[in-house]
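> quick check, what structure comes out for this input:
(one chain, ligands or ions: 1)
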Amino acid sequence: MDKKIYPNFIAGAWVAGDAAIVNNNPSDLDETVGRYAIARQDQVADAVAAAKKAQPAWARTTPQVKADALDQIGMEIIARKDELGALLSREEGKPLAEGIGETMRAGQLFKWFAGEALRLHGDRMPSLRPNLEVEVTREPIGVIAVITPWNFPMGVAAWKVAPALACGNTVILKPSETVPGSAWALSEIIARSGLPDGVFNLVMGDGATGQALTTHKDVNGITFTGSTNTGRAIATAAAPRFCRLQLEMGGKNPLVVLDDADLDLAVECAFQGAFLATGQRCTASSRLIVQENIHDRFVAGLAERLARTRIDHALKAGTEIGPVVSEEQLAQDLRYIDIGLREGAHLVFGGEPLERQTRGHYLNGAIFTDADNRMRISREEIFGPIAAVIRVKDYEEALAIANDTEYGLTASIMTRSLKHASHFKRNVETGLASVNLPTVGADYNVPFGGRKNSSYGPRETGEAAREFFTTTKTAYTRSA
Ligand code: NDP
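Model prediction:
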C-alpha cells in the first residue's frame, strides 16, 4: 500500500503536517485512495501570509502572463482527464464517465478564465461635472479563501480558483476532508504552472482548517460551497470584519411535471436530476411535483427506470450510479428514509442498502409518494438518492409548492404549454430555471447561483464571476 503522505502546498513549497487524513474509496472500503497531510493552524497562517505577500505583484502581472498560466493548467487537466477522472471517481464514488466529465469541465473552466484574464476591462467616460473625466476600473480584492465541498472536488475548485487568479487575487484552497485527492492533484498541476510563490496555496484538513482561514484577519474574501449551516457559520465568523462573501449552499429543488408533459422525457429528467450522482448534487431534484392525471403513469415509469439502473462500483463498466460518498452520508440518507415513513409518505420503490462484490456504501434510489410539502423529506436537504413525489391538481398549485421552500437554487418544469413554461420561468423563485430539462446541468459561461438560503453574495461562473473577485474603483481627473 502507498504509505506516502501527500503534503500541503504553502508559499511555493510542499510542506508536511503532523497528522494525515486517510481517504477511502466508497466503492471499495478496503481500498485506501491516499493519505493527505492535515495543515496545522500555524501552517494555515503561513499560507495566508504567503498569499498576502504575493498578491500585489500578482495583481500587477500582465493579463497575458495570467492567461498563459491558466491556459496551461487547463490544457494539462484536459490531457490527463482519464487518469484524474478515475482518481475523482475512486474518492467520491461517481461513475467514471462523470468523473472524467467533471475533470474535463475543470480544464475548460481554467481555459475560459484564461480568456477572462484578457477580457477584464474598465470604462472611461465624461463626468457629469465640467472638465472632469471618470474612469471605472476593476481591482482584485486580495487574498481569497476557497472552501469546497466533497461532491464536485475538481469542478467547484476550478470554478473558484480560476477566476480568483484571473482577476489578480491570490488563493488558499481548502478542500473537503472527504475528497482531498482530486484537489491535491489539481494543486500539483497549478504548482508546476509557473505561478510565483504564494499565489496559490493548498491547506488540507477538516472544518477546523476552514475555520482558521475564515477567521483570519488577512483573508479579504471567502468563496464557499457547502451546506447552508456551514455557510451560515462562515458568514457569522467573517461578517464582523466585513469580509467579502460568496456562499453557494443547499437546495430543495422542484421538478414540476404537468399533465401535458412528454411522459418519457419527464421520467428521464426526473431520474437524472434526482438519482444520478447518487442524488448528491446541490441541484438535485428532490421534490417531484406532479399533476394528478399524469401522476400514476409518471411514478410507475420512474420506478421502472430505477429498477433497471445499475448501481455498482464507480469504476465498473456500465455503472450508472455509484455508492453514497461516506458512512455519515449513508446514515443520513437512511435516517431520512425512516423519517419519510414515519411522516406517512409511501415508499413505493427502493431505499435499501445494497450489497455488491466490493464492500461499499451502496444504496438503492428511493421514491416516496403521498408526500406533502410540509414533511421534513420535502423541506430539508437530504443530499442522497431520495425523491419525494407531491401530487397537485393544477399548475398554480405546483408553482406555489415549488416556491414554498427556504431554498431557491434551481427548478424545472416539464410541459408542452408555452404559457406555463413562460410563466414558470418568470415566477419561480430560484437563480436557475429550466424547461423540459433536468434541474441539474449548467454552462460555465453564464451565471450560476440561487436565492434565499441557497446562495449569498455575487454569482459564480461566466462574466458574473468578476463581481465577486474584483472591486471597482471610480477615479476622477481634472482634465482642464
Ligand atoms: P459542508 O458544509 O459540510 O462542508 C463544505 C466545506 O466547508 C468543507 O471543505 C468543510 O470541511 C468546510 N467546513 C466545515 N465547517 C467549516 C467551518 N466552520 N468553517 C469553514 N469551513 C468549514 O458541505 P459538504 O462538503 O458536506 O457538501 C455538501 C453540501 O454542499 C450540501 O449541502 C450541498 O447542497 C452543498 N453544495 C452546494 C452547491 C451549490 O453550488 N449551491 C454545490 C455543491 C454542494 P470538511 O468537509 O473537511 O469538514
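
> list the contacts for the residue most central in space within the chain?
Centroid check for the chain by C-alpha atoms, centre = their mean gives residue 156 as the closest residue, at 4.9 Å. By C-beta atoms under 8 Å, 6 or more residues apart in numbering, the contact set of residue 156 is 148-149, 225. From N, CA and C alone the C-beta is placed, and that goes for glycine too.

> for it, give its distance to residue 10.
Using C-beta to C-beta, to the nearest Å, residue 156 is found at 21 Å from residue 10.

> could I get the contacts of residue 156 as TSV with distance to residue 211 and pLDDT?
TSV is the format used below for the contacts of residue 156 (distance: C-beta to C-beta, whole Å; pLDDT from 0 to 100):
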residue	distance to residue 211	pLDDT
148	15	98
149	15	98
225	16	98
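
> which of these lies closest to the ligand?
Within the contacts of residue 156, the smallest distance to the ligand is 3.1 Å, found for residue 149 (C-beta to the nearest ligand atom).

> helix, strand or coil: sort out that closest one for me.
Three-state assignment for residue 149 (DSSP: H, G, I helix; E, B strand; the rest coil): coil.

> ok, it - contacts?
Residues near residue 149 by C-beta under 8 Å, 6+ apart: 156, 176, 225-227.

> tell me the pLDDT of residue 2.
At residue 2, the model reports a pLDDT of 66.

> before we move on, the earlier item: reformat the contacts of residue 156 as a markdown table; add distance to residue 166.
As requested, these are exported to a markdown table (distance: C-beta to C-beta, whole Å):
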| residue | distance to residue 166 |
| --- | --- |
| 148 | 18 |
| 149 | 22 |
| 225 | 18 |
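
> tell me which parts of this protein are close to the ligand?
Counting by C-beta under 6 Å from any ligand atom, the chain comes close to the ligand at 147-152, 174, 176-178, 206-207, 210-211, 214, 225-227, 230, 233-234, 248-251, 282, 381, 383, 409, 454.

> in the stretch 251-400 of the chain, which spans are helices?
263-275, 292-307, 327-343, 376-379, 395-403 (DSSP state H, counting those that start in this stretch).

> between these, which one is closest to residue 88.
Evaluated over these, closeness to residue 88 peaks at helix 327-343, with 16.7 Å, by C-beta to C-beta.

> show me what the closest one is packed against.
Where contact means 3 or more C-beta pairs under 8 Å, 6 or more residues apart in numbering; DSSP states H and E, helix 327-343 is packed against strand 346-349, strand 366-369, helix 376-379, strand 386-392.

> so which bits of stretch 139-154 are buried?
Buried residues in stretch 139-154, counted by 16 or more other C-beta atoms under 10 Å: 140-154.

> and if you look at stretch 328-347?
Buried positions in stretch 328-347, judged by neighbour count with 16+ other C-beta under 10 Å: 329-330, 332-334, 336-337, 340, 343, 345, 347.

> and stretch 225-236, by the same measure?
Buried residues in stretch 225-236, counting neighbours by 16+ other C-beta under 10 Å, are found at 225-226, 228, 230-231, 233-235.

> ok, of those residues, which one's closest to residue 271?
Ranked by distance to residue 271 (C-beta to C-beta), those are led by residue 225 at 24.7 Å.

> the closest one against residue 150, yeah?
No. If you go by C-beta atoms under 8 Å, residue 225 and residue 150 don't touch, sitting 10.2 Å apart.

> select the longest helix from this structure.
Ranked by number of residues, the top helix in the chain under DSSP state H is helix 96-119.

> got the CA positions of the helix or strand following it in PDB?
Once the chain leaves helix 96-119, the next helix or strand it forms, by DSSP states H and E, is strand 123-126. The C-alpha trace of strand 123-126 is given here as PDB (Å, rounded to 0.1, in the frame of the first residue of the first chain):
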ATOM      1  CA  ASP A 123     -14.800  52.200 -18.500                       C
ATOM      2  CA  ARG A 124     -13.900  55.800 -19.200                       C
ATOM      3  CA  MET A 125     -16.500  58.500 -19.700                       C
ATOM      4  CA  PRO A 126     -17.200  62.200 -19.400                       C
END
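
> for the next helix or strand after strand 123-126, enumerate the helices and strands it packs against.
Later in the chain than strand 123-126, the nearest helix or strand by DSSP H and E is strand 132-140. Helices and strands touching strand 132-140, as assessed by 3+ C-beta pairs under 8 Å, 6+ apart, comprise helix 41-60, strand 123-126, strand 470-478.

> pick the most buried one from these.
Mean neighbour count (mean count of other C-beta atoms under 10 Å) peaks for helix 41-60 among these, with a mean of 19.

> show me the contacts for residue 377.
By C-beta under 8 Å, 6+ apart, the residues touching residue 377 are 336, 339-340, 343, 345, 368, 371, 386, 388.

> distance of the residue lying closest to it once chain neighbours are set aside relative to residue 328?
Once flanking residues are discounted, residue 377 sits nearest to residue 340: 4.2 Å by C-beta to C-beta, 6 or more residues apart in numbering. Residue 340 sits 19 Å away from residue 328, going by C-beta to C-beta.

> give me the longest strand you can find in this protein.
strand 28-38 (DSSP state E).

> now it: buried residues?
Those would be 28, 33-38, for strand 28-38 by 16+ other C-beta under 10 Å.

> partner strands of it, with direction?
Here strand 28-38 has these sheet partners by DSSP bridges: strand 5-6 (parallel), strand 19-25 (antiparallel).

> out of these, which is the most enclosed?
Mean neighbours per residue, mean count of other C-beta under 10 Å, is largest over these for strand 5-6, with a mean of 20.

> what does the next helix or strand after that one contact?
Using DSSP H and E, the helix or strand that directly follows strand 5-6 along the chain is strand 8-10. Residues outside strand 8-10 that contact it (C-beta under 8 Å, 6+ apart) are 14-17, 37, 39, 43, 46-47, 50, 187-188, 191, 200-204.

> do the same with stretch 81-91
Residues from elsewhere that reach stretch 81-91 (C-beta under 8 Å, 6+ apart): 23, 25-27, 31, 33-34, 77, 94-96, 98-104, 107, 153-154, 178-182, 185-186, 314-315, 322.

> before we move on, back to that, what is the nearest of the contacts of residue 149 to the ligand?
For the contacts of residue 149, the minimum distance to the ligand (C-beta to the nearest ligand atom) is 2.6 Å, reached by residue 226.

> excluding its backbone neighbours, what's nearest that closest one?
residue 149 (4.5 Å).

> residues in contact with residue 258?
Contact partners of residue 258, counting by C-beta under 8 Å, 6+ apart, are 291, 294, 395, 398, 413-415, 417, 420.

> ok, now which ones touch the closest residue to residue 406 other than its chain neighbours?
With sequence-adjacent residues excluded and distances taken as C-beta to C-beta, 6+ apart, residue 406 is closest to residue 453, at 4.7 Å. By C-beta under 8 Å, 6+ apart, the contact set of residue 453 is 228, 249-250, 406-408.

> good, wrapping up.
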